[in-house]
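> sequence below, structure please.
(chains A and B)
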Amino acid sequence: MDLKKYIDKKLTFLLKTKEKEEVLIELINLICENKEIPDREELKKDIFHREKLMSTGIGLGIGVPHVRIKGIKDLIVAVGIGKQDILNYETIDGIPVRIVVMIVAGEGQHKPYIKFLSLIVSKLKKNKIREKLIKAKNEMEIYNILSS
Amino acid sequence: MEIEPRLNILILIGLTILLGTAGSRLFKKFKIPQVIAFIIIGFFLGDSVLGIINKQVLSSFSFFNIFVLGITGFLIGGELKKEIFEKYGKQFLNILLSEGLLAFVFVTLLVVLLGNIFFDNTSFVWALGLLLGSIASATAPAATTDVLWEYKTRGPLTTTILGIVGLDDGLGLILFAIASSISLAITGTNAIAIPKIALHILYEIGGSVGIGILGGLFLSLIIRKIRDKYGIITFSLGIIVLILGLSRLTECDILLSAMTAGVFITNYIPRKSKEVFEMTNELMPTLYILFFTFFGAQLNLKNLTLPTILIAAVYLIGRTAGKGLGANIGARISRAPKTVIKYLPWCLFSQAGVAIGLSILASQRFPGEIGNSIVIIITTTTFVVQIVGPLAMRIAITGAGEAGLNITEEDIIRESKAKDIMDTTIPLIYENMSLAQILKTFSETDNLYYPVVDESKKLLGVITVDHIKNSLMTSGLDSFLLAYDLMEPVIAKTSPDLPMNEVQETLSRYNLEYLPVVSSADEVIGFLERRQISRKISTKLIELQKQAEALS
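Now for the predicted structure:
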């Protein structure tokens, strides 16, 4: 699987908000503005439901909110980089979240969904990549780091 | 052929089938065999009450009765495999001779005793007694097999009943031939000519067997080369009808010919013949409705006089006692299983086509009072035993524990609901369970699919072993993947009361391997997995087979 194929320039950006809930809504809004999402409220409800079950702060300053919903044909990936630590984002290791990768997949996309999750997580676990992302000054830079 | 102006024959057939089916369903609720419903409906439609199915209609349907009787004989023959003859042959012969001969002796003697009170003419009384006695030995195959079929019986009692009802027609013919020759002699029309009687019997039985073997051989050669089921059924029906026609033409016995054909093919081409019998059997429910309704319509109470009513009563007593006692003695002599000794005497009361046929034959050979009395007595008593016989049989086969043992996979599916088959011990996977917890559940059970639920046990999705395999191949995710992330959407679900045949339709329609069972509140209460459905059904079939084997 090629990560580059799923990273969209329009969906990589520097976060304007600082708190987890606001960050998630910011990412959802961006996705809904740029992609065809059948039901925005459904997406929001499912993302927040998943966070309620267990926070997606997987450690090393990374958050991976993810969900599968009806009516999506291909994976949608949005990446937001916080200029500062995101508040109220519980994590496994206690390191505050700075990098948020939101993944929205179709109901039947089990395999690519898991595969992508695995690839992006292993990429972000590399220190150099994370450092570069956190220091990125604009959307283009974020896109280039992730698609390299 | 003249038909009722108001009701044409097709309306009549349609009405009969509908009324018969509705009536049998009603009777089923009271655990009364359906054949009784058909006969009673026929009685009301017949000349005694409404007169809708009148003599004209009945006579135009005489060919149909022969056809049904022939098919019944053919199906009975199909049950008589070589192994059954080897295992039960001696038992059949003992029972057949004792029940047939005792019924003959008892009826003859009782009719003669009573007849002497009403009639001065001794030879007339003896002729009447001998003829009625010989007719009494036959047992109706159609009504008997219909009850066995309705209650899906299997076991030594069922096998013995089938063997006896199939064979005692032959005995009935022999006794009738002897009785009618003696009667002709004593009533002054003929001298007793033993060689002539023997020759006649030999011709009738030999001819019937010969026609049956030829027909069976011909059918075997044809259907060996045919694969499609429509070809098999049409060729089979064609040949059966030809066998019946030939038997009529040569004045042989239709039941014996058809039965011989059945015996021949079931032993000559056992595997292929199974399909023939299965398909022929499917025709029977509809044929039996018409057959027994028309039979019920034949009874005409207007012809009954006091002497005929009393003779009919002693005929019934003699026949019942003779058959009951004879069956019991025969079963004891041949050391039959206890259930056969105890219950067989209750299973041989039915009389129908063969008895009526012989009574008509008697009326032709003995025109006048003897002939007419025999027809009236046999018609009336047949009506009574056709009501009592199936009832007694139902009690007997249930008592012997053989009811419900002859069911197929299709029967189990047809009679079961999702709740009867579903797995209620399926572990529930909660949506917030981690991959590690899910794997632990997997290791403790052998299911391939698991329902995912929320905290109130409402169904959210399904996790498959296949999905977990994908997740395991990807490293680094196990710490944060939950059941919620791994589940697949529910394509279909079912309520516990959905019949299993509809469950199977749903599984096929969506090409699914599983189906969650949910309550009206959408809570998971069970789970159906295709492979477990097959396993449960097979287990049930094996249990039933073991039960049947344990009886013999």
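> going forward, measure contacts and count neighbours with C-alpha atoms only.
Fine.
> quick one, strands of chain A?
Using DSSP state E, the strands found in chain A span residues A:7-14, A:57-59, A:62-63, A:66-69, A:76-81, A:99-106.
> the last one to strand A:7-14, inter-axis angle?
For strand A:99-106 against strand A:7-14, the angle by axes from the mean of the first three to the mean of the last three CA atoms, to 10 degrees is 140 degrees.
> other SSEs contacting strand A:99-106?
Other elements packing on strand A:99-106 under the criterion 3 or more CA pairs under 8 Å, 6 or more residues apart in numbering or on different chains; DSSP states H and E are strand A:62-63, strand A:66-69, strand A:76-81, helix A:127-135.
> quick one on the thing from earlier: quick one, which of the strands of chain A is packed in tightest?
Ranked by mean neighbour count, the strands of chain A are led by strand A:62-63 with a mean of 24 (mean count of other CA atoms under 10 Å in any protein chain shown).
> state the pLDDT value of the most centrally placed residue in chain A.
Nearest residue to the geometric centre of chain A (CA atoms, centre = their mean): residue A:101, 1.5 Å. Looking at residue A:101, its pLDDT is 95.
> measure it to residue A:12 for me?
9 Å (CA to CA, to the nearest Å).
> now distance to chain B too, for the helices and strands packed on strand A:99-106, in JSON lines please.
Converted to JSON lines, the helices and strands packed on strand A:99-106 look like this (distance: least, CA to the nearest CA, whole Å):
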{"stretch": "strand A:62-63", "distance to chain B": "11"}
{"stretch": "strand A:66-69", "distance to chain B": "7"}
{"stretch": "strand A:76-81", "distance to chain B": "16"}
{"stretch": "helix A:127-135", "distance to chain B": "16"}
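> can I get these in JSON lines including distance to residue A:108 and mean pLDDT?
Converted to JSON lines, those look like this (distance: least, CA to CA, whole Å; pLDDT from 0 to 100):
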{"stretch": "strand A:62-63", "distance to residue A:108": "23", "mean pLDDT": "94"}
{"stretch": "strand A:66-69", "distance to residue A:108": "8", "mean pLDDT": "92"}
{"stretch": "strand A:76-81", "distance to residue A:108": "14", "mean pLDDT": "94"}
{"stretch": "helix A:127-135", "distance to residue A:108": "31", "mean pLDDT": "92"}
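> how about a markdown table for those, with distance to residue B:202 added?
Formatted as a markdown table, these follow (distance: least, CA to CA, whole Å):
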| stretch | distance to residue B:202 |
| --- | --- |
| strand A:62-63 | 98 |
| strand A:66-69 | 83 |
| strand A:76-81 | 90 |
| helix A:127-135 | 104 |
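> residue B:490 is nearest to which of the ones you listed?
With CA to CA, the closest approach to residue B:490 among the helices and strands packed on strand A:99-106 belongs to strand A:66-69: 12.7 Å.
> so which other helices or strands are in contact with the helix or strand containing residue B:15?
Here residue B:15 sits within helix B:9-29, counting by DSSP states H and E. Contacts defined by 3+ CA pairs under 8 Å, 6+ apart place helix B:9-29 against helix B:34-45, helix B:270-297.
> after the first one, which helix or strand is next?
On the C-terminal side of helix B:34-45, the closest following helix or strand by DSSP H and E is helix B:55-60.
> now swap in the longest one and tell me
Where DSSP H and E defines the elements, the next helix or strand beyond helix B:270-297 is helix B:306-333.
> mind giving me the packing neighbours of that next one?
helix B:82-118, helix B:122-136, helix B:338-343, helix B:369-399.
> rerun at 7 Å
In terms of contacts (3 or more CA pairs under 7 Å, 6 or more residues apart in numbering or on different chains; DSSP states H and E), helix B:306-333 is packed against helix B:82-118, helix B:338-343, helix B:369-399.
> closest to residue A:90 out of those helices?
helix B:369-399 (68.9 Å).
> pLDDT on that closest one, on average?
In this model, helix B:369-399 has a mean pLDDT of 84.
> check the offset of the next helix or strand after it from the chain's centre.
The helix or strand immediately downstream of helix B:369-399 is helix B:409-415, counting by DSSP H and E. Mean C-alpha position of helix B:409-415 versus that of the full chain (CA atoms, centre = their mean, to the nearest Å) differs by 17 Å.
> does the least confident helix or strand in chain A by mean pLDDT reach chain B?
Lowest on mean pLDDT, DSSP states H and E among the helices and strands of chain A sits helix A:3-6, with a mean of 83. No. Against chain B, helix A:3-6 shows no contacts by CA under 7 Å from any CA of the partner chain, the least distance being 14.9 Å.
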